[in-house]
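K.L.:
just need the structure, nothing else, for what follows:
(one chain, ligands or ions: 1)
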Amino acid sequence: MVRRIAVIGMGGTIAMAPGAGGGVVPALDAADLVVAVPGLAELDLEITARGLRSLPSPSLGFGDLVALSAAVRAEIDAGATGVVVTHGTDTIEETAIFLDLTVDSPVPVVVTGAMRAPTSAGADGPANLFAAINVAAAESARGLGTLVVMSDEVHGARFVRKGHTSSTAAFVSPGFGPLGLVVEGEPRLRGTPRVPLRLPAGPNVDQLRVGLVTVALGDDGELLRRGGDAFDGIVLAGLGAGHVPAGMVPLVAGLAARVPVVLASRTGSGPVLRHTYGYPGSERDLLDRGLLHAGFLDPAKARVLLLLLLADGADRDRIASAFEHYR
Ligand code: ASP
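P.N.:
Model (predicted):
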């Protein structure tokens, strides 16, 4: 069988070149990236490439992700046996979970990028794209959902996050580790299948607002007090295992009575607890007051899931059971 890999470009450092005003800016399209990878022509693959966006990933919005999800599904429907998305690294983790939740197919979808632009010494884009294409072509990657391949490591969409501002080893799956490695171009995967949760990526995804608010020492909740009502749902990146200062509790409980408020942790690793601490503002207290549990999803990913659920009209119970997949 001919293995056909579709590469879709979204922009990011992997596609950047020096701009007129200093610094690198998006400039290259997906076809430019593919031709720059040594060794691809020797693989027994049919590779197509097309640009969908040419943006630094901090400027992507949910409308762009809806379009990307549709483009990925269209490539699969047209016979792609693997899809690779080239993307800025700053928000790769959100795009990865968005695709994981909205592309209902065993065909591997692999997101990659670069920490160093193509014009930098030691640019990592070509190696990352080479590894990503090999993973997208691998039989063993089928059914694992959306993967992020960086630095010859293969990460699951629900675990991966950018853990460093500039290192080429910036991507980590805290608490779980990568699902596999790429060794001499060959994927060695030992991953577990994606969670059985699929959601539509309809146009209304772009019309809802889910806020992400990080809680800090001495926080009196002023941001939420002033802005909380502007949101259809809120993710709280709580302290430690899912905590807020006692003084914030009435405010947070009041919000949770009006819109879904999901409790995550700002620590960067590990799940929110359920029944360990009993003080005002503890995870027990907040869950008893109607906040929903993010499981091990980090706050940015929890926000994506909550947004997709709300866009699909999910009620509180359905939202709670969707997050149970990430226990
Ligand atoms: N530093 C970023 C990158 O790797 C910029 C972006 O996310 O687009 O691409």
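
K.L.:
tell me the secondary structure at whichever residue of the stretch 1-150 of the chain sits closest to the ligand.
P.N.:
Minimum separation of the stretch 1-150 of the chain from the ligand (CB to the nearest ligand atom) falls at G88, amounting to 2.1 Å. Bear in mind the C-beta positions are built from the backbone N, C-alpha and C, glycine included. In three-state terms, and counting by DSSP: H, G, I helix; E, B strand; the rest coil, G88 is coil.

K.L.:
my guess is it meets S54, correct?
P.N.:
No. Using CB atoms under 8 Å, G88 is not in contact with S54; the gap is 10.5 Å.

K.L.:
higher neighbour count, the two?
P.N.:
A direct count of neighbours by other CB atoms under 10 Å for G88 and S54 places G88 higher, at 24 against 17.

K.L.:
ok, back up a step: give me the common contacts of G88 and S54.
P.N.:
Residues touching both G88 and S54 (CB atoms under 8 Å, 6 or more residues apart in numbering): 10-11.

K.L.:
how about K162, nearest residue that isn't a chain neighbour?
P.N.:
A170 (5.3 Å; CB to CB, 6 or more residues apart in numbering).

K.L.:
so what's that neighbour up against?
P.N.:
89, 115, 150-151, 162-164.

K.L.:
if we can go back for a sec, need the pLDDT of the residue of the stretch 1-150 of the chain closest to the ligand.
P.N.:
The confidence metric pLDDT takes the value 98 at G88.

K.L.:
likewise for the one 3 residues further on?
P.N.:
Reading off the per-residue confidence, T91 sits at a pLDDT of 98.

K.L.:
one more: G247?
P.N.:
97.

K.L.:
the nearest residue to it once chain neighbours are set aside: what's it in contact with?
P.N.:
Closest residue to G247 apart from its sequence neighbours, by CB to CB, 6+ apart: D220 at 5.7 Å. Counting by CB under 8 Å, 6+ apart, D220 touches 245, 247-248.

K.L.:
what do you get for G82?
P.N.:
3-6, 107-110, 133, 135-138, 141.

K.L.:
and the top strand by length along the chain, what's buried?
P.N.:
Among the segments of the chain that qualify as a strand by DSSP state E, the longest is strand 45-55. Burial within strand 45-55, assessed by neighbour count using 16 or more other CB atoms under 10 Å, is assigned to 45, 47, 49, 51-55.

K.L.:
one more: stretch 304-314?
P.N.:
Residues of stretch 304-314 classed as buried by neighbour count (16+ other CB under 10 Å): 304-312, 314.

K.L.:
rewinding a little: just put the contacts of G82 in JSON lines and tack on neighbour count, distance to T192 and secondary structure.
P.N.:
Formatted as JSON lines, the contacts of G82 follow (neighbours: other CB atoms under 10 Å; distance: CB to CB, whole Å; DSSP: H, G, I helix; E, B strand; the rest coil):
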{"residue": "R3", "neighbour count": "17", "distance to T192": "24", "secondary structure": "strand"}
{"residue": "R4", "neighbour count": "17", "distance to T192": "26", "secondary structure": "strand"}
{"residue": "I5", "neighbour count": "25", "distance to T192": "24", "secondary structure": "strand"}
{"residue": "A6", "neighbour count": "26", "distance to T192": "25", "secondary structure": "strand"}
{"residue": "V107", "neighbour count": "20", "distance to T192": "18", "secondary structure": "coil"}
{"residue": "P108", "neighbour count": "30", "distance to T192": "15", "secondary structure": "coil"}
{"residue": "V109", "neighbour count": "28", "distance to T192": "16", "secondary structure": "strand"}
{"residue": "V110", "neighbour count": "31", "distance to T192": "17", "secondary structure": "strand"}
{"residue": "I133", "neighbour count": "26", "distance to T192": "23", "secondary structure": "helix"}
{"residue": "V135", "neighbour count": "27", "distance to T192": "16", "secondary structure": "helix"}
{"residue": "A136", "neighbour count": "28", "distance to T192": "19", "secondary structure": "helix"}
{"residue": "A137", "neighbour count": "21", "distance to T192": "21", "secondary structure": "coil"}
{"residue": "A138", "neighbour count": "23", "distance to T192": "16", "secondary structure": "coil"}
{"residue": "A141", "neighbour count": "25", "distance to T192": "13", "secondary structure": "helix"}
